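Peer 1: Here is the input, now give the coordinates:
(one chain, ligands or ions: 1)
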Amino acid sequence: MSAPTHAPAPVSAPAAASPTTAELLAFVLRTAADPELVASLPLDPEGRTWIRLDGPGGSEAWLIGWPPGTGTGWHDHAESRGAFATARGKLTERSLAVRLPSEGWRSLELAPDVDRGRGVPAGAGRGFGEHHVHEVLNESRTEHAVSVHAYYPPLPLIRRYSRTGPVLRLEHVERPADWQ
Ligand SMILES: [Fe+2]
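Peer 2: Residues are numbered from 1 along each chain as shown. I've put the predicted structure just below:
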């Protein structure tokens, strides 16, 4: 068989191609498998540490260290999709299998069957779409965890929630200025 002779000349990818969830997941998995980068993160037993990374296609990416027993609390990333992968240790993700209205409520009662939970061990990752509500924790009592996260579009805001049994309450909205 001969090679096709009329293959189109390569066309550069659209400059503004925004990364898909699958591409974000591929990036975080690849990055979490880079031992030199992972080792460059300073670890602090007292709190989380982080380094900003260049994500693909203009996405926002972070390398994060989690001391034993730390977690994010419940939150979402508004209109951003994203992915994370564990590089060291093991993280747990608790999430809601329901699409919540993005605006116009302060408190709502969740149906009894919407809670999901999964362990994300080193080498594994997880992608999610917009309005994904979750919390991520390092439940280990002894081991630090390290993970890589990417979001696109870059996070315009994070909505933080409290959870009391089935009741989810919007506590506050964080914007990038709050993270400086
Ligand atoms: Fe998150």
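Peer 1: low pLDDT regions in the protein?
Peer 2: Applying pLDDT under 70 to the chain flags residues 1-16, 179-180.
Peer 1: chain center to the lengthiest helix in it, what's the gap?
Peer 2: The residue-count maximum for a helix in the chain (DSSP state H) belongs to helix 21-32. For helix 21-32, the separation from the chain centroid amounts to 10 Å (computed by Cα atoms, centre = their mean, to the nearest Å).
Peer 1: Could I get the buried residue list for that helix?
Peer 2: 21, 23-29, 31-32 (16 or more other Cβ atoms under 10 Å). Placement of C-beta: from N, CA and C, glycine included.
Peer 1: mind giving me a markdown table with those residues and columns for distance to residue 73?
Peer 2: Formatted as a markdown table, those follow (distance: Cβ to Cβ, whole Å):
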| residue | distance to residue 73 |
| --- | --- |
| 21 | 23 |
| 23 | 28 |
| 24 | 22 |
| 25 | 23 |
| 26 | 28 |
| 27 | 25 |
| 28 | 21 |
| 29 | 25 |
| 31 | 24 |
| 32 | 23 |
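Peer 1: Counting by contacts, list what the helix or strand residue 171 falls within packs against.
Peer 2: If you go by DSSP states H and E, residue 171 is part of strand 167-174. Here strand 167-174 touches strand 107-109, strand 158-164, going by 3 or more Cβ pairs under 8 Å, 6 or more residues apart in numbering; DSSP states H and E.
Peer 1: Single out the most deeply packed of those strands.
Peer 2: Most buried of the helices and strands packed on strand 167-174, by mean neighbour count (mean count of other Cβ atoms under 10 Å): strand 158-164, with a mean of 16.
Peer 1: Out of the buried residues of helix 21-32, which is nearest to residue 65?
Peer 2: residue 32 (12.5 Å; Cβ to Cβ).
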